[in-house]
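Student: Here is my input, please return the structure:
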Amino acid sequence: MLQICREPRRERIGCLNWPEAFPYRPEAFCELSHSGECLHLRYLVTEAAVRAVCAADGEHSWEDSCVEFFFAPREDGLYYNLECTCVGKIYLCRGRERHGRERLPEALCSGIRRRCTLGEEPFGLREEPTSWEVLLDIPASTFGLETFEGLQARGNLYKCGDKLPVPHYLSWAPIDTPKPDFHRPEFFDTMVFV
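Tutor: Below you'll find the predicted structure:
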């Protein structure tokens, strides 16, 4: 269980769920806090190479150097996947399983404030050790909520990069599947907003 409060709490995204096929583990952390009406995520990453090809929201973020927040705010089976590249390009959907997901309106994406230490423009692939940060301020309305205050939800945090020289798939809460699959809400952990 994770308590998310007004002061940032740092969590390591370090579960290497598929070590035989994908043994590389970059350093990845997320600092989480909330202000009631807004969730604040600050991802801190150090990896051997960095990729930023996506040029707009809605593109294949998971192929770049990417951090992700999957979130089920209610017990109705609906969860959101918010994926963000190292230059702040967002992919945002909701649904009850991997297939048939609904892409959310551009207005919800544009309502998420982003600050990226590598800038906001794609630069391709840099095959050199790189540290970077992405800060996301996510309004409660992104998830159909009025406030985060007092909410008990479930979720997971991820770091991935499908098209990096060394692909990797890390999570905060462990995932027990034969191959990489982040769309597994049964492995989300509890997140309590206080």
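
Student: Setting the sequence-adjacent residues aside, check what's closest to the most centrally placed residue in the chain.
Tutor: For the chain, E68 is the residue whose C-alpha lies nearest the centre (C-alpha atoms, centre = their mean; 1.4 Å). Closest residue to E68 apart from its sequence neighbours, by C-beta to C-beta, 6 or more residues apart in numbering: Y158 at 4.0 Å. C-beta here means a position set from N, CA and C on the backbone, and glycine is covered the same way.

Student: wait, what's in contact with the one you found?
Tutor: Shown in contact with Y158 (C-beta atoms under 8 Å, 6 or more residues apart in numbering): I13, C66, V67, E68, F69, F70, Y169, L170, S171, W172, F182.

Student: at 6 Å what do you get?
Tutor: Contact analysis of Y158 by C-beta atoms under 6 Å, 6 or more residues apart in numbering lists E68, S171, F182.

Student: Look at the last one and say how many residues are nearby.
Tutor: Same thing as F182. 21 (other C-beta atoms under 10 Å).

Student: Likewise for the second one?
Tutor: Taking other C-beta under 10 Å as the neighbour definition, S171 ends up with a count of 25.

Student: show me what contacts it?
Tutor: C15, N156, Y158.

Student: is the second one in a bridge, and if so with what?
Tutor: Okay, so that is N156. F70 (DSSP bridges).

Student: how many neighbours does it have?
Tutor: 25.

Student: Hmm, A173 and it touching each other?
Tutor: Yes - at 4.9 Å, N156 counts as touching A173 under the criterion of C-beta atoms under 6 Å.

Student: returning to what we had before: what backbone torsions are found at the residue nearest to E68?
Tutor: Backbone geometry at Y158, expressed as degrees, to the nearest 10, gives phi -140, psi 160.

Student: Likewise for R103?
Tutor: Dihedral angles of R103 (phi, psi; degrees, to the nearest 10) stand at phi -70, psi 130.

Student: Can you name the residues that contact it?
Tutor: When contacts are taken as C-beta under 6 Å, 6+ apart, R103 is in contact with C93.
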